[in-house]
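**Q** Got a predicted model here, sequence first, then my questions.
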Amino acid sequence: MNLARIRSDVSYVNMKLKYFLIPMLALVTSGALQAQTSDSSPSPGYEHTNAWIWKKLNLTDTQKQQIKSIRQGSKTQFRSALAAVLMARMKLQQDIAANNQADIPADTSALVGAESTLETLRATELNQIKALLTQEQLTTWNDFQQKRQSWMQDRINKLNQPES
């Protein structure tokens, strides 16, 4: 019975990772907030999958430089936090593959802690950047966030529906 419960918990965690945390991590690692050059192409050395939101914000050159400075200032912390997330995920996957049931709960907790640290850094950086935006830019940003929240809620609703 206990083994069935652990398998159920692991399955639940894997689902969360697959459908919620991994897409969120992808947003973070792709550069949650990225300043664009004046030609609207990504800054040198950066790949950014959400460049369109920055184009919609119509950032000034000063804002772009300030955002770039904020991102550079937290780059080392982000890299360290992301490495911790990946190491924790790798350890969990190794224990699942080895059927090492005894270590899975601790590995899962370590992963959650590492992701919490990463998301806290992301929130801090985001708040610093949002402080630079004009009211009009904030409205555009908030509309984008609202649409993303709606998409996530739709996805959650689909996942909670019984399979047919």
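**A** Arrived safely.
**Q** any idea how far residue 76 is from residue 85?
**A** In this view, residue 85 and residue 76 are 15 Å apart by C-beta to C-beta, to the nearest Å. To be clear about C-beta, it is placed using only N, CA and C from the backbone, and glycine gets the same treatment.
**Q** same question, residue 90
**A** Taken as C-beta to C-beta, the span from residue 90 to residue 76 is 21 Å.
**Q** Compare residue 85 and residue 76 (neighbour count), which wins?
**A** residue 85 (23 against 9; other C-beta atoms under 10 Å).
**Q** Which helix or strand lies directly C-terminal to the helix or strand bottoming out on mean pLDDT in the chain?
**A** Counting by mean pLDDT, DSSP states H and E, the chain has its least confident helix or strand at helix 22-29, which shows a mean of 50. The C-terminal neighbour of helix 22-29 among helices and strands, as given by DSSP states H and E, is helix 51-57.
**Q** From the contact counts, what lies against the top helix by length along the chain?
**A** When the chain is parsed with DSSP state H, its longest helix is helix 61-97. Using 3 or more C-beta pairs under 8 Å, 6 or more residues apart in numbering; DSSP states H and E, the elements in contact with helix 61-97 are helix 22-29, helix 104-130.
**Q** now with 10 Å?
**A** Under the contact definition 3 or more C-beta pairs under 10 Å, 6 or more residues apart in numbering; DSSP states H and E, helix 61-97 sits against helix 2-16, helix 22-29, helix 51-57, helix 104-130.
**Q** Go through those and find the least confident stretch.
**A** Here the lowest mean pLDDT among the helices and strands packed on helix 61-97 goes to helix 22-29, at a mean of 50.
**Q** now residue 101, what's its secondary structure?
**A** Counting by DSSP: H, G, I helix; E, B strand; the rest coil, the backbone at residue 101 sits in coil.
**Q** That one and residue 93: what is the separation?
**A** Taking C-beta to C-beta, one finds residue 101 at 14 Å from residue 93.
**Q** and the residue lying closest to residue 66 once chain neighbours are set aside, how many neighbours?
**A** Distances taken as C-beta to C-beta, 6 or more residues apart in numbering place residue 132 nearest to residue 66, at 5.3 Å, with adjacent residues excluded. Neighbourhood size, residue 132 [other C-beta under 10 Å]: 16.
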